[in-house]
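1. Below are the sequence and a predicted model for it; my questions follow.
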Amino acid sequence: MNVSFGNAEHPIRVCAIGSGPSSFYAVEALFKAEGLTVQVDMFDRLPTPFGLVRGGVAPDHQNIKTVVKVYQKVAEHPSFRFFGNVKIGRDLSIHDLERHYHAIIWGIGCESDHKLGIAGENLGGVHSATDFVGWYNGHPDYRHCSFDLASATRVALVGNGNVSMDVARVLLKDPAMLASTDIAEHALATLQKSNVREVIMLGRRGPAQAAFSPKEIEEIDELPGVDVVVSTDDGRIDDYSARWVETQARSTQRNVKFLTEQVHKGEGEQAKKLRCRFLVGPVELLGHDGKVTGVKLQHAELVADKDGTPRPKSIDRFEVIDADLVFKAIGYRGVPLPGLAFDDKRGIVANADGRVLQSTGGATRTGHYAVGWAKRGPTGLVGTNSPDSKATVELLIADIREGKTLTPNAADIKDQLRAHEVDFVSWQDWQRLDAFEQEQGKLCGKVRLKQPSIESMMTTVRQLRG
């Protein structure tokens, strides 16, 4: 190393913005880097860590949430600090970060959603899956959302990725099976009054190109009182797709096998239905008195693109389906942060393989890096972030070894936060809050009882400090 820092006497100072999986995997990779001494501060605008593992993973998927044990081990490193309840742009500026750190890792995720861009999208009863997922997971940003499940019997769900699977499962599952999870209390109360009996999942592509994973769709099929229904027309695999499937991953072949089996099963006898539709897309949301009543769909056919992948092409055939509610699950999208270049087309931080750019397509911005969804967009599972973050950290370390870093000249950032009376949450504060939520959960037969708002979290944190 041809620079005078990165050793015990002059460690590299790095901050990670966001405390989701991608940030923790990046910090883990930094701590494991040979011959490099690093001090890492992690910031999150919420008082709680773990990003979508806490606020996005469905409450009935507690096994996935056990991954936080890996992150807790990272946080135990003596050179790690957590600063929760600190918002960039409010409590600290990007300039402040550049004055304190040699490198900044942006793991801010994608906090918004894509729009359909069709007439009727603003009707009452039209919601984003982002809002619904945050609401039932007890994310403080979504606690005031409202979903009239008591007046709805049929729901149209646009998109058929794994987020759609979560939404469909929560809507169709017996609420009693969710009561012992960490689902938000306000969500459980609403679901207990739900009259939803049918969810129609709308996929733009064919059954062979379905975006959900086999485990997700099979889990819904195993729910008591629920049938997964695929009509003969919707489940038809054309000859070209059949040949294409043979070249794809086993998960794609497993999906096709499952969907074909559902066609043969027919309508089923259960009271609740998940209907899987394919090669249809909404072109208009219909309503009455300001409330959604249906969806106008346009059909499509599959056409091979240049690389041979079957792609949907709209055809002159339409239909209308009735719907009391519509949920849009067509992907998350990043939110621009002032002072940080944003790729508006892709909805992510402007970057080249993880190195942040000064502008979209422009030169590299020294000392700034992106990981996770902020880097690549909303793709992959929780574990996808591990190799992705490691790849970015390899670039960061290469830049450090070449002396391509920021030049911090300020003292400990904790001093600045205290001087500005920012009530930040330390890792010890979070551990106390974590234990408190779990204790409160046990009292009412739940895994944990989440605090519903930032204000209530901070009140509890202050009380627990003693």
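-> Good, I have the coordinates. What you are looking at is a predicted structure, and each value in this text was computed from that prediction instead of being measured.

2. hey, let's count contacts and neighbours off CA atoms from now on
-> OK.

3. Quick check: the nearest residue to His144 once chain neighbours are set aside vs His186, distance?
-> In space, and not counting its chain neighbours, His144 is closest to Trp135: 7.9 Å by Cα to Cα, 6 or more residues apart in numbering. Here Trp135 is placed at a distance of 8 Å from His186 (Cα to Cα, to the nearest Å).

4. what about the two, which has more around it?
-> Between Trp135 and His186, Trp135 has the larger neighbour count (other Cα atoms under 10 Å), namely 25 against 16.

5. tell me the mean pLDDT over the helix or strand containing the more buried one?
-> Here Trp135 sits within helix 129-136, counting by DSSP states H and E. Averaged across helix 129-136, the pLDDT comes to 95.

6. elements contacting the helix or strand following that helix?
-> Following the chain from helix 129-136 toward its C-terminal end, the next helix or strand by DSSP H and E is strand 154-158. Packing partners of strand 154-158 (3 or more Cα pairs under 8 Å, 6 or more residues apart in numbering; DSSP states H and E): helix 162-172, strand 198-202, strand 325-328.

7. Between strand 198-202 and strand 154-158, find me the angle.
-> Strand 154-158 and strand 198-202 are oriented at 20 degrees to each other (axes from the mean of the first three to the mean of the last three Cα atoms, to 10 degrees).

8. Need the contact partners of strand 154-158.
-> Outside strand 154-158, the residues within contact range by Cα atoms under 8 Å, 6 or more residues apart in numbering are 164, 168, 196-203, 281-282, 295, 322-330.

9. how's the protein carved up into domains?
-> Segmentation of the chain into domains, based on automatic domain parsing, reads 12-111+334-425, 112-332.

10. Any idea which helix or strand in the protein has the lowest mean pLDDT?
-> strand 112-113 (a mean of 74; mean pLDDT, DSSP states H and E).

11. and Ser4, what pLDDT?
-> 58.

12. can you start the count at 26 instead of 1 from here on
-> In the new count, where the first residue is 26, that last one comes out as Ser29.

13. on that earlier part again, which of the contacts of strand 179-183 are buried?
-> 189, 193, 221-228, 306-307, 320, 347-355 (16 or more other Cα atoms under 10 Å).

14. Reformat the helices and strands packed on strand 179-183 as a markdown table; add distance to Lys429.
-> Formatted as a markdown table, the helices and strands packed on strand 179-183 follow (distance: least, Cα to Cα, whole Å):
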| stretch | distance to Lys429 |
| --- | --- |
| helix 187-197 | 39 |
| strand 223-227 | 48 |
| strand 350-353 | 43 |
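
15. Out of these, flag the one nearest Ala435.
-> Closest to Ala435 of the helices and strands packed on strand 179-183 is helix 187-197 (Cα to Cα; 42.8 Å).

16. What is the closest one packed up against?
-> If you count contacts as 3+ Cα pairs under 8 Å, 6+ apart, helix 187-197 packs onto helix 154-161, strand 179-183, strand 223-227, helix 239-246, strand 297-302.

17. Check which helices and strands the one helix or strand Ala416 maps to sits against.
-> Taking DSSP H and E as the criterion, Ala416 maps to helix 410-426. Secondary-structure packing of helix 410-426 (3+ Cα pairs under 8 Å, 6+ apart): helix 46-57, strand 380-382, strand 389-395.

18. could the ones you listed go into TSV alongside mean pLDDT, distance to Arg268 and mean neighbour count?
-> Formatted as TSV, the helices and strands packed on helix 410-426 follow (pLDDT from 0 to 100; distance: least, Cα to Cα, whole Å; neighbours: other Cα atoms under 10 Å):
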stretch	mean pLDDT	distance to Arg268	mean neighbour count
helix 46-57	97	36	24
strand 380-382	97	39	25
strand 389-395	97	38	23
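
19. who wins for proximity to Val288 among the ones you listed?
-> Nearest of the helices and strands packed on helix 410-426 (Cα to Cα): helix 46-57, 38.1 Å.

20. orientation of the closest one relative to strand 389-395 in degrees?
-> Helix 46-57 runs at 110 degrees relative to strand 389-395, counting by the same axes, to 10 degrees.

21. Quick one: residues in contact with whichever helix or strand comes after helix 46-57.
-> Note on helix 46-57: by DSSP H and E, the next helix or strand toward the C-terminus is strand 63-68. Applying Cα under 8 Å, 6+ apart, the contact partners of strand 63-68 are 31-32, 36-44, 52, 55-56, 104-112.

22. Sheet partners, orientation included, of strand 63-68?
-> When pairs are called by DSSP bridges, strand 63-68 turns out to pair with strand 37-42 (parallel), strand 105-108 (parallel).
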